[in-house]
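>>> Kindly return the folded structure for what I paste below:
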Amino acid sequence: MDETLWQQEHTVTSNVYGDRYLSTNAAIAATQNRKTQLELTKKIEVTYSEANQALQAYTEEARNVEDLRVDLRRMEIRYKVGAVSKHEVNAFGLKLKQAEAERDIAALKFYAMQEKAEAMKKGFIS
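Residues are numbered from 1 along each chain as shown. Below you'll find the predicted structure:
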């Protein structure tokens, strides 16, 4: 845009067509500039939206892990009483480990989105 405006100010044309050419170039550059600004704004909004979704996913996974821990403690009490088998307790423990892994994955996704947002604050938009 700056180059186009400089060209328009510093070019001497001897006819109308040269003036139209320079004006058209300036209009094209302005349109491209607006388009780029809109694209960047959209990317910024998408990044913050994704970060918000990643936070919600992490919060949900953390809640699931806590619920499963409570349920596992209850399952262990039932095992001690003889209401459930050791196999069922171990299977539930495996469920808890899977939930913890999913929570850790959600935490990593959230961290990545936070870093992407921080990079945007410094001027890097991908």
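>>> any idea how far the residue positioned nearest the centre of the chain lies from R103?
Centroid-nearest residue in the chain: E50, 3.3 Å away (criterion: Cα atoms, centre = their mean). Distance, E50 to R103, using Cβ to Cβ, to the nearest Å: 18 Å. For glycine as for every other residue, the C-beta is placed from the backbone atoms N, C-alpha and C.
>>> I'd like the distance from the longest helix along the chain to the chain centre, please.
Ranked by number of residues, the top helix in the chain under DSSP state H is helix 16-81. Averaged C-alpha coordinates place helix 16-81 at 3 Å from its chain's average position (Cα atoms, centre = their mean, to the nearest Å).
>>> as a whole number, average confidence for that helix?
Average pLDDT, helix 16-81: 89.
>>> still on that earlier bit, tell me the spacing between the residue nearest to the centre of the chain and K43.
The value you get for E50 to K43, if Cβ to Cβ is used, is 10 Å.
>>> Same check on Y79?
Distance, Y79 to K43, by Cβ to Cβ: 52 Å.
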